[in-house]
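> have a look at this prediction, sequence included:
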Amino acid sequence: MNSPQPPLDVWLRRPQRYWYADGLAEMAVGSIFLLVALTNLAAWRLPPGPWQSLILGLCQFLVILGSVLGARAVVHFLKERITYPRTGRVIYRRPSPSRRWLLAGASFTLAAGLAFLMVTLSKTVGQRWLPLASGFLIAFATAAGWRLGLTRLLVLALYILGVGIGLTLWPLPEPLDAAAFFGLVGLGWLASGGWALGHYLRQTRPQPEDEGEAA
């Protein structure tokens with residue numbers, strides 16, 4: 001008797017799940033959060049004034065934009081050397097030139113949106129409640145990884161929410177509070193990705209050259 005075929009959505013999610021199998025994507029996200037934390041830390045080291053505003057405004061925006069644009073290329077580079085030699089290559093559809101411009105525009109919008117969101121949340125909920133509101137939003141987005149069967153992302157979401165609650169109960173001076181929040185969130189993403197990468201490396205071995213690629 002033939003075993004039942006998996007549902008269509010399971011087939012469609014397999015390439016997405018494979019993208020996260022080695023934890024490299026999570027480590028890239030964690031690195032972006034850490035870079036944002038460093039810009040806030042640099043601003044904290046400066047006296048209030050135009051230079052602090054420049055770092056928190058323009059420099060932070062450029063850091064987010066550059067990180068989002070470069071992260072996928074870095075992840076691809078590492079997968080070429082770590083993942084594909086072990087478990088084969090999944091060929092993801094290459095975007096057309098127009099779609100690449102669209103992705104660049106989306107990255108620009110994301111960077112601007114994150115900066116605008118932080119300012120809006122600060123004015124709406126107040127600086128005291130900003131870590132909790134930010135933690136809830138980021139945790140909610142992170143928990144979406146549950147639909148791919150990635151339990152570690154649900155654990156990570158709970159950790160991020162805990163960071164937001166902790167920094168709300170024990171507030172730090174601005175902008176050190178943002179540096180601590182994004183730094184701790186970034187470390188959480190790096191830890192999750194590092195755990196996944198370690199597990200992946202223990203469970204896999206490089207394949208011989210002639211057994212190469214899986215579509």
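It's in. Residues are numbered from 1 along each chain as shown.

> all the strands of the chain, in order from the start?
For the chain, no strands turn up when DSSP state E is the criterion.

> give me the below-cutoff pLDDT ranges for it.
Applying pLDDT under 70 to the chain flags residues 1-15, 46, 48-58, 90-127, 209-215.

> which residues touch the closest residue to G23 other than its chain neighbours?
Nearest residue to G23 in three dimensions, chain neighbours excluded: A196, at 2.9 Å (CB to CB, 6 or more residues apart in numbering). C-beta here means a position set from N, CA and C on the backbone, and glycine is covered the same way. A196 sits next to Y20, A21, D22, G23, E26, R152 when contact means CB atoms under 8 Å, 6 or more residues apart in numbering.

> buried subset of these?
Among those, those buried by neighbour count (16 or more other CB atoms under 10 Å) are Y20, A21, D22, G23, E26, R152.

> ok, the first one - contacts?
Taking CB under 8 Å, 6+ apart as the definition of contact, the neighbours of Y20 are E26, G145, L148, L150, A196.

> thinking again about what came up before, so can I have JSON lines of the contacts of A196 showing distance to A42?
What follows is the contacts of A196, written out as JSON lines (distance: CB to CB, whole Å):
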{"residue": "Y20", "distance to A42": "31"}
{"residue": "A21", "distance to A42": "35"}
{"residue": "D22", "distance to A42": "31"}
{"residue": "G23", "distance to A42": "28"}
{"residue": "E26", "distance to A42": "25"}
{"residue": "R152", "distance to A42": "31"}
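
> returning to what we had before: out of the buried ones among the contacts of A196, the closest to P175 would be?
E26 (25.4 Å; CB to CB).

> now for the closest residue to the closest one other than its chain neighbours, how many residues are close by?
In space, and not counting its chain neighbours, E26 is closest to G193: 3.2 Å by CB to CB, 6+ apart. When neighbours are counted by other CB atoms under 10 Å, G193 registers 23.

> so G193 makes contact with A25?
Yes: here G193 reaches A25: they are 7.2 Å apart, a contact under CB atoms under 8 Å.

> before we move on, back to that, which of the buried ones among the contacts of A196 sit farthest apart?
Farthest apart among the buried ones among the contacts of A196 - using CB to CB - are D22 and R152, which lie 12.6 Å from each other.

> against G70, how distant is L62?
According to CB to CB, to the nearest Å, L62 and G70 sit 12 Å apart.

> ok, L172 next?
L172 is 30 Å from G70, where distance means CB to CB.

> go on, R45?
25 Å.

> with neighbour numbers in mind, choose between those two.
G70 (14 against 11).

> can you pull out the helices in the chain?
8-19, 24-44, 50-54, 60-81, 84-87, 97-125, 130-143, 151-169, 176-203 (DSSP state H).
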